[in-house]
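*Asks:* sharing a sequence plus its predicted fold:
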Amino acid sequence: MIDNATWQFIPAADFPAAAGKWQALCDATLRTPLLSADFVATALLHFGRGDELVCIASGPDGPVAGAILQRKNPLVWQTFQPSQMPLGPWLQPIDSDFATVAQSLLRRLSLPAMVLAVTQLDPDFYPRPTGNSIEVLDSITTGKTRLAADMQQFMLVGGVNGNKSLVSELMRRMRKAEKDHGPITLQKETTVEAADEFVSQYASTESRGWKGLAGTALIPKAKQANFYADLMRRFATRNAARMYTLKFGATPVARQIAITGENVLILLKTTYEPEFRNLGPGVTLQYRLIDDVHQNDKSIRIIEPYGPFNESQKLWVSGTRVIYHANVYRFQYLAALHRYWMAKHRHPAGAA
């Protein structure tokens, strides 16, 4: 299928004109909102350099593969990968060979392109490839939460995995929070009108935590905050935005930015008020969020955090997997040379 395909290279500025093709390709392959035309368009608008290439391979029956690339240096092209995109923009049929598609694209890039670095690949979609012309490098370990028929069943046999001590600690903290501050409630907003104010409030909360001290928190009206506000507006137009606020009494203590797709809720960013840390607002938020999904979003069967697995997720995660990068080389000897160089210099794992 890919052997007879024709690659089309479109400047990033023209992505809106190609969005229909990209969305059709996403629908025919991964069906994930993270690589939908809306998500990609928003990321390009706010984080693109302007020189990205939208690459679409088409056969007799329409698009069969796609990627969005940036030139890293004269020898290396890599997928467009701002940190706000959990997955690299790479689309191909799940049952097709990754190496074949990647080599097909690489050989159509003008010389001296020798390496194609494809970042943030999910093994749930694409099994880790093998071959003499490919170097696979681990990125992060991430978790997945599989939901049950209802919250009661989930707490018995779901992601909690029978961890009674963690459940007991959660319930203890919730009782203390209610005693000290009032009823615990979860507010969910899904509308276009709510997006700007929610992201602004999220940014204010995050700036008071450790990310604010580290200088990595969202800043209202800055580039990253504008990206999330724009993203929420776009997804809200089709009821796919989820903006959660956890309150202890009348006080907002934690917030979650999320989007939905086919049977999945994807958690993009979470924050909480540091002064309530001892009451576990982040874990309580996840508990109430999972309960809300069981009750009100019954089509959703999986929750994906798509972030590094950590201790706070142990209560909910059903399993973990390793997101990876794949460096594809035009010639086998280049792959062997790169492996030798990395081993000799003890180079940290990463895309080429």
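*Replies:* Yes, it's here. Residues are numbered from 1 along each chain as shown.

*Asks:* once you drop chain neighbours, what's closest to the residue nearest to the spatial centre of the chain?
*Replies:* Closest residue to the average C-alpha location of the chain: residue 86 at 2.7 Å, with Cα atoms, centre = their mean. Spatial nearest neighbour of residue 86, excluding adjacent residues (Cβ to Cβ, 6 or more residues apart in numbering): residue 306 at 3.8 Å. The C-beta positions use only the backbone N, C-alpha and C, and glycine is treated the same way.

*Asks:* helix, strand or coil for the one you found?
*Replies:* Using DSSP: H, G, I helix; E, B strand; the rest coil, the structure places residue 306 in coil.

*Asks:* for the chain, give the helix that spans the most residues.
*Replies:* helix 164-181 (DSSP state H).

*Asks:* output the contacting helices and strands for that one.
*Replies:* With contacts taken as 3 or more Cβ pairs under 8 Å, 6 or more residues apart in numbering; DSSP states H and E, helix 164-181 sits against strand 184-189, strand 241-248, helix 281-296.

*Asks:* nearest to residue 11, out of those?
*Replies:* Residue 11 sits nearest to strand 241-248 of all the helices and strands packed on helix 164-181, at 28.8 Å, using Cβ to Cβ.

*Asks:* so what does whatever helix or strand comes next after that closest one touch, helix or strand wise?
*Replies:* Heading C-terminal from strand 241-248, the first helix or strand you meet, by DSSP states H and E, is strand 251-261. Secondary-structure packing of strand 251-261 (3+ Cβ pairs under 8 Å, 6+ apart): helix 192-207, helix 223-236, strand 241-248, strand 264-272, helix 281-296.

*Asks:* make CSV out of the ones you listed and add mean pLDDT, mean neighbour count and distance to residue 315.
*Replies:* Formatted as CSV, these follow (pLDDT from 0 to 100; neighbours: other Cβ atoms under 10 Å; distance: least, Cβ to Cβ, whole Å):
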stretch, mean pLDDT, mean neighbour count, distance to residue 315
helix 192-207, 96, 19, 22
helix 223-236, 97, 21, 26
strand 241-248, 98, 22, 16
strand 264-272, 97, 22, 14
helix 281-296, 96, 20, 7
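
*Asks:* okay, now the unreliable bits of the stretch 251-352 of the chain?
*Replies:* The model of the stretch 251-352 of the chain has pLDDT under 70 over residues 333, 339-342, 346-352.

*Asks:* and if we set it to 50?
*Replies:* For the stretch 251-352 of the chain, the stretches with pLDDT under 50 are 349.

*Asks:* same thing with the stretch 101-250 of the chain?
*Replies:* Scanning the stretch 101-250 of the chain for pLDDT under 50 picks out nothing.

*Asks:* how deep is residue 185 tucked in, by neighbour count?
*Replies:* Residue 185 has 12 neighbours, counted by other Cβ atoms under 10 Å.

*Asks:* and the residue lying closest to it once chain neighbours are set aside, bridged to which residues?
*Replies:* In this structure, residue 185 finds its nearest non-sequential neighbour in residue 247, 5.0 Å apart by Cβ to Cβ, 6+ apart. As for beta bridges, residue 247 partners with residue 185, residue 252 under DSSP bridges.

*Asks:* surely residue 247 touches residue 188?
*Replies:* No. Residue 247 lies out of contact with residue 188 (Cβ atoms under 8 Å); the separation is 11.8 Å.

*Asks:* what residues does the residue sitting furthest away from the middle of the chain make contact with?
*Replies:* Relative to the centre of the chain, the most outlying C-alpha is that of residue 179, 36.5 Å out, by Cα atoms, centre = their mean. Contacts of residue 179 were listed using Cβ atoms under 8 Å, 6 or more residues apart in numbering, and none were found.
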